[in-house]
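Novice: Here is a sequence with its predicted model. Questions after.
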Amino acid sequence: MMLWLQQFLPPCEVLLVQVVLPASLVFGIIYLAHKYPTYSSGAIMLKLRGSKKKHNWKSVKSPQSRCSNCELLLTTADAFGCDFCGVYVDSACLRKVNDSVVCKMLYSDAGSPMKHQYVPGNIMDGAECDICEEECVDHIRCIWCHRTVHSSCRQMLGEVCDFGKWRNFVLPPNCVIKAQKKNRAGKNMRLFSINCPPWSKNWTPLFIVANKQSGANMGESVLSSFRAILNPLQVVDLSEKDPTFLCQLIAALPEDAKPRVLVAGGDGTVAWVLTTMHQFKLKSSPPVGLVPLGTGNDLSRVLGWGSEEPRPFSATEYIRKIQSAIEKPLDRWHVQLSKMARRSLRFSPSEPKDIFMYNYMSIGVDALVTLDFHETRRSRFYIYSSRVINKMLYLLYGTQQVMERECQGLEKKLELYLDGEKMDLPEIESVVLLNIPSWGAGVKLWQLGCETSKDIPEQSMSDSKIEVVGISSSFHVARLQLGLSQPHRFGQASHVKIILKAVAPVQVDGEPWLQVPCEFDVRATDQAFVLSTPIDECPAEPID
């Protein structure tokens, strides 16, 4: 090619073709290889915070706490606390403590034993010294094993930290193996793997996933509580990173590890995490527990995690529940749209190519109420969020549909097929596909009226069958929530096809949109794994 080109060029430009262009190509390849390096199959790219990073300060109101530097009570509004290591300071001492007190590290030198890392002051009332067992109030504690000791007893505790009673759930910093090479910005580091700790026999590292803005900002409290107990690398804030980051961490774990994931959020957040782990194609997806935030939380109710978050929130209580929880399979349903064109008349999110459903899917009035609520929550005028206000909004929009009946005549706008058989539809305003025995914030929809009929088959979330029902109106929804009526049962099926002939509201696991005419093909794929805990359980004892 170059020889052919040279015969048409003047002599002064032949040098450009023979030398300059090949050299530029070589240097270009070297530059791209340096900027975008390739890794082995086990390598992943992460932005990690090391020991040079300062504390993760939060504004706090803790008048009973003292500044870790000057020991004055934090009675002023300008008080700060680090939710990584638990240090408290006033504004005057912030810079000094930030420079002198070392915070929790995400990683350290591989192979070296982890030593106790002490911070001064703010010991809980009634705490005892781990050595002399006498009251320990204004002394020191280790931010990893959480043992409290007098300064005079410190040497008798030893230097090496065993990470305390929750060590089976902790990812030790000295087990995180990193490469020394950084990119030009000095931020990205290659994380090759995570080594097993000495107690690897029962090692079940726990990862926390939440959005700090969820549940009227209750998500921030959940994240902070677990950062104080675990390695902060194990706590993923969805407002900063998506669940792919979680999957990368899990993929880097050794095969002997048995990780578990705790998701704090609503049904949509849980579905997002489960789907991301499925699409990431992990060798073994960890089971998922739940911390219910916001309204709804139907999957959390079914699995025994409750309908709302406990206040005040206790991370140790949830670790105890995780420790004794039972692993259960949960059917994963693939919802495929034949015409991939979502038309949202009120907002326009991107259209997913694949939708996976875990709880339920509906077309009609209940999806419209959910859509109206989500639009209100996205509005700039939605400045104050609380569970009570959210329930009032649901009631308002549900009452509105009693009067307006925008979904009336839905039976004429769609065709429903269960395992290939076309269903004769009565007058309905909603079709609901149920994978779990809870819908609409705790309504056991399929079981309503079972006491009067023995012909209704049992419902299971792991039998590869989905229950399909119809709802007559928004007023019918209200009666169902009060247990005064029962739905139109169309049956159970392993394959559901819905031909939608007109624009209608649709929601899958609490995520709503307006859908143009299309064909829904709903089939069971595989199973996710979730953690179930009895409501009145006796929590297991931690490791001594």
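Specialist: Arrived safely. Residues are numbered from 1 along each chain as shown.
Novice: so what does the one helix or strand Trp333 maps to touch, helix or strand wise?
Specialist: Using DSSP states H and E, Trp333 falls within strand 326-337. With contacts defined as 3 or more CB pairs under 8 Å, 6 or more residues apart in numbering; DSSP states H and E, strand 326-337 has these neighbours: helix 267-280, strand 355-357, strand 518-532. Every residue, glycine included, has its C-beta placed from N, CA and C.
Novice: got a pLDDT number for Ala502?
Specialist: The per-residue pLDDT reported for Ala502 equals 93.
Novice: swap in the one 10 residues further on?
Specialist: Per-residue pLDDT puts Pro512 at 90.
Novice: Give me the buried positions along the strand holding Trp333.
Specialist: Lys328, Leu330, Asp331, Arg332, Trp333, Val335, Leu337 (16 or more other CB atoms under 10 Å).
Novice: Quick check: the fifth one touching Gln527?
Specialist: No: with contact defined as CB atoms under 8 Å, Trp333 and Gln527 do not form a contacting pair (10.4 Å).
Novice: So what's the residue count around Ala127?
Specialist: By other CB atoms under 10 Å, the residues close to Ala127 number 15.
Novice: in terms of contact, does it touch Val149 like I think?
Specialist: No: counting by CB under 8 Å, Ala127 does not reach Val149; the two are 10.0 Å apart.
Novice: Just to be sure, Asn174 is in a helix?
Specialist: Yes: residue state for Asn174 (DSSP: H, G, I helix; E, B strand; the rest coil) corresponds to a helix.
Novice: which residue is nearest the middle of the protein?
Specialist: By CA atoms, centre = their mean, the mean C-alpha position of the chain lies nearest to Val209, the distance being 3.6 Å.
Novice: Confirm that it sits in a helix.
Specialist: No: using three-state DSSP, the secondary structure at Val209 is strand, not a helix.
Novice: heads up, I number from 24, so please use that
Specialist: All right, first residue 24 from here; so that's Val232.
Novice: residues touching it, list them.
Specialist: Shown in contact with Val232 (CB atoms under 8 Å, 6 or more residues apart in numbering): Val259, Leu261, Pro266, Leu269, Val284, Leu285, Val286, Ala287, Gly288, Thr292, Val296.
Novice: One more: Val172?
Specialist: Counted by CB under 8 Å, 6+ apart, Val172 has contacts Cys152, Asp153, Ile154, Cys159, His162, Ile163, Arg164, Leu180.
Novice: so where do the helices sit in the stretch 24-173 of the chain?
Specialist: Remark: helices assigned in the stretch 24-173 of the chain by DSSP state H, counting those that start in this stretch are 25-29, 34-38, 44-58, 117-123.
Novice: Where do the helices of the stretch 424-567 of the chain begin and end?
Specialist: Per DSSP H, counting those that start in this stretch, the stretch 424-567 of the chain carries helices over the ranges 497-504.
Novice: where do the strands sit along it?
Specialist: All strands of the stretch 424-567 of the chain, identified by DSSP state E, counting those that start in this stretch, fall at 437-441, 444-445, 453-457, 489-494, 511-516, 518-523, 527-531, 534-538, 541-555.
Novice: Of all those, which one comes closest to Val112?
Specialist: strand 541-555 (37.6 Å; CB to CB).
Novice: how far is that closest one from where the chain is centred?
Specialist: Its chain's C-alpha centre and that of strand 541-555 lie 18 Å apart, by CA atoms, centre = their mean, to the nearest Å.
Novice: What of stretch 522-539?
Specialist: With CA atoms, centre = their mean, you get 25 Å for stretch 522-539.
Novice: buried sites along it?
Specialist: Across stretch 522-539, burial judged by 16+ other CB under 10 Å covers 523, 527-538.
Novice: just to revisit the earlier point, and of the contacts of Val232, the nearest to Phe249?
Specialist: Leu285 (7.9 Å).
Novice: where does that closest one land in three-state SS?
Specialist: Leu285 - assigned by three-state DSSP - is strand.
Novice: what separates it from Glu331, distance-wise?
Specialist: Note on Leu285: its distance to Glu331, by CB to CB, to the nearest Å, is 16 Å.
Novice: And for Ser216?
Specialist: 39 Å.
Novice: same deal with Asp447?
Specialist: 40 Å.
Novice: more neighbours, those two?
Specialist: Glu331 (17 against 7).
Novice: per-residue confidence at the nearest residue to Leu297 once chain neighbours are set aside?
Specialist: In space, and not counting its chain neighbours, Leu297 is closest to Ala551: 4.8 Å by CB to CB, 6 or more residues apart in numbering. Looking at Ala551, its pLDDT is 95.
Novice: Tell me how many other residues surround Ala551.
Specialist: 23.
Novice: do Ser82 as well
Specialist: As a burial measure, Ser82 scores 9 neighbours (other CB under 10 Å).
Novice: contacting residues for it?
Specialist: For Ser82, the contacting residues are Ala102, Phe103, by CB under 8 Å, 6+ apart.
Novice: what's across from it in the sheet?
Specialist: Beta-bridge partners for Ser82, by DSSP bridges, are Phe103.
Novice: quick one: the closest residue to Arg512 other than its chain neighbours and Ser461, what's the gap?
Specialist: Setting aside the residues directly before and after it, Arg512 is nearest to Val492 in space (CB to CB, 6+ apart), at 5.5 Å. Separation of Val492 from Ser461 (CB to CB): 13 Å.
Novice: what's the answer for Ile345, then?
Specialist: The gap separating Ile345 from Ser461 is 21 Å, by CB to CB.
Novice: surely the residue nearest to Leu297 meets Val311?
Specialist: Yes: assessed by CB under 8 Å, Ala551 is found in contact with Val311 at 7.2 Å.
Novice: Now list whatever residues contact both of the two.
Specialist: In terms of CB under 8 Å, 6+ apart, Ala551 and Val311 are both contacted by the residues Leu297.
Novice: ok, Leu439 - contacts?
Specialist: Contact partners of Leu439, counting by CB under 8 Å, 6+ apart, are Lys445, Met446, Leu448, Val454, Val491, Phe513, Val519, Lys520, Ile521.
Novice: Next, format those as JSON lines and append distance to Thr339 and neighbour count.
Specialist: As requested, the contacts of Leu439 are exported to JSON lines (distance: CB to CB, whole Å; neighbours: other CB atoms under 10 Å):
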{"residue": "Lys445", "distance to Thr339": "54", "neighbour count": "11"}
{"residue": "Met446", "distance to Thr339": "50", "neighbour count": "19"}
{"residue": "Leu448", "distance to Thr339": "51", "neighbour count": "16"}
{"residue": "Val454", "distance to Thr339": "44", "neighbour count": "29"}
{"residue": "Val491", "distance to Thr339": "42", "neighbour count": "24"}
{"residue": "Phe513", "distance to Thr339": "46", "neighbour count": "22"}
{"residue": "Val519", "distance to Thr339": "43", "neighbour count": "24"}
{"residue": "Lys520", "distance to Thr339": "48", "neighbour count": "19"}
{"residue": "Ile521", "distance to Thr339": "46", "neighbour count": "22"}
